[in-house]
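# Have a look at this prediction, sequence included:
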Amino acid sequence: MTFLDIRFIDLIDITLVAYLMYRLYRLIRGTVAQSIFFGLFAFIALWLFIKSMNMELSATILDNIVNVGVIALIVVFQQEIRRFFILLGTKYNIANRFSFENIFSGPSTGVMNFYHKPIVRTCQNLAKTKTGAIIVISKKSELLDYVQTGELINGVISSRLLENIFYKNSPLHDGAVIVAQNKIKAAGCILPVSQSFDLPKKLGLRHRAALGITEATDASAIVVSEETGKISYFQAGEINHGVTPDELEELLQKE
Ligand SMILES: Nc1ncnc2c1ncn2[C@@H]1O[C@H](COP(=O)(O)OP(=O)(O)OP(=O)(O)O)[C@@H](O)[C@H]1O
């Protein structure tokens with residue numbers, strides 16, 4: 001019964017594959033890719049079954065499909081593969097984790113969050129006047145790719161500056177503000193738009209862009225709706241729609 005000979009390394013192998021499948025599922029949950037993923041899963045199960053049964057003709061046909069399938073998969077899942085690697089690089093912040101600075105200076109003492117109050121005040125004021133806004137708050141990843149798509153500001157966070165940026169006639173009101181290391185890094189930034197089906201249909205591109213950046217990175221985001229004046233908080237691809245300023249402050253403090 002060599003079939004049942006399970007070594008310790010096999011358990012690690014199975015756990016690793018299960019974990020990767022789970023992360024992949026989380027990444028594509030609620031998107032078109034989810035249906036493709038399940039179809040693919042069924043196909044692989046069938047292929048393994050046919051191989052284990054030694055059904056030669058079917059196995060030869062499926063083997064050929066699998067050979068070409070790898071290239072087809074890369075094409076079909078191009079966006080998801082890209083997001084997966086961005087996620088690995090930014091969410092787990094591999095570059096910084098293994099940097100000399102991090103290795104020799106020990107664990108970080110945490111970021112001092114000076115930004116809560118001005119950001120909450122800004123959202124409260126913008127909500128009252130129904131002025132649309134997206135504010136992205138970076139964590140470990142500085143979101144340089146996205147900062148580069150906007151106008152660099154590098155200014156101290158203040159509610160007057162933020163309100164000015166989102167003021168309807170301001171040239172920078174379109175797009176997102178990115179806050180990093182307690183500074184307003186940039187405004188008018190373009191964010192990746194989420195393809196998720198989970199977002200209510202009535203929410204448009206502003207909310208999709210906020211969801212998109214929190215799916216792809218470890219950042220959180222806040223949206224003030226121009227249509228309803230409602231405030232939404234986004235974190236790790238989840239939305240908290242219609243939060244009060246007090247709830248927003250609490251959520252920001254938990255970060
Ligand atoms: N990819 C993006 N990155 C950053 N900002 C974006 C992006 N796409 C759209 N926006 C912003 O969203 C605005 C359009 O919002 P839209 O009305 O489609 O969204 P919404 O989610 O319905 O929000 P609202 O409730 O405020 O109307 C644009 O003017 C722009 O400022």
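That came through, no problem.

# Quick one: the helices in the protein, in order.
Taking DSSP state H, the helices of the chain run over residues 8-28, 32-52, 56-76, 78-90, 94-97, 100-105, 116-128, 144-147, 159-166, 205-216, 245-254.

# These: which one's closest to the ligand?
helix 205-216 (3.4 Å; Cβ to the nearest ligand atom). Every C-beta, even on glycine, is put in place using the N, C-alpha and C of the backbone.

# tell me the mean pLDDT for the closest one?
What helix 205-216 shows for mean pLDDT is 93.

# Tell me which residues of it come out buried.
Of the residues in helix 205-216, 206, 207, 208, 209, 210, 211, 212, 213, 214, 215, 216 count as buried by neighbour count, 16 or more other Cβ atoms under 10 Å.

# And stretch 179-186, by the same measure?
Within stretch 179-186, the residues scored as buried using 16+ other Cβ under 10 Å are 179, 180, 184, 185, 186.

# Now do the same contact list for the fourth one.
For residue 185, the residues meeting the contact criterion (Cβ atoms under 8 Å, 6 or more residues apart in numbering) are 138, 142, 143, 147, 152, 153, 154, 178, 179.

# Repeat the analysis, applying 6 Å as the threshold.
147, 178 (Cβ atoms under 6 Å, 6 or more residues apart in numbering).

# got it, and the first one?
Going by Cβ under 6 Å, 6+ apart, residue 179 touches 115, 137.

# partner residues bridging it?
residue 137, residue 184 (DSSP bridges).

# restrict the buried residues of helix 205-216 to contacts with the ligand.
Restricting the buried residues of helix 205-216 to those adjacent to the ligand (criterion: Cβ under 6 Å from any ligand atom) gives 206, 207, 209.

# What parts of this structure come near the ligand?
132, 134, 174-176, 190-191, 193, 203-207, 209, 225-227.

# what's the most buried one of the helices of the chain?
helix 205-216 (a mean of 22; mean count of other Cβ atoms under 10 Å).

# What is the neighbour count of the closest residue to residue 213 other than its chain neighbours?
Nearest-residue entry for residue 213: residue 191, 4.5 Å, with adjacent residues in sequence omitted and distances by Cβ to Cβ, 6 or more residues apart in numbering. Other residues near residue 191 come to 27 when the count uses other Cβ atoms under 10 Å.

# Now do the phi/psi pair for residue 191.
phi -110, psi 160 (degrees, to the nearest 10).

# does it really touch residue 174, like I thought?
No: using Cβ atoms under 6 Å, residue 191 is not in contact with residue 174, being 11.8 Å away.

# The nearest residue to residue 164 once chain neighbours are set aside: how many residues sit nearby?
Leaving aside its chain neighbours, residue 164 sits nearest to residue 170 (6.2 Å; criterion: Cβ to Cβ, 6+ apart). The tally of other residues near residue 170 (other Cβ under 10 Å) stands at 13.

# now residue 170: how far from the ligand?
Noted for residue 170: a distance of 11 Å to the ligand, by Cβ to the nearest ligand atom, to the nearest Å.

# Pick the one among the buried residues of stretch 179-186 closest to residue 16.
Closest approach to residue 16 among the buried residues of stretch 179-186 (Cβ to Cβ): residue 180, at 32.9 Å.

# Much appreciated, bye for now.
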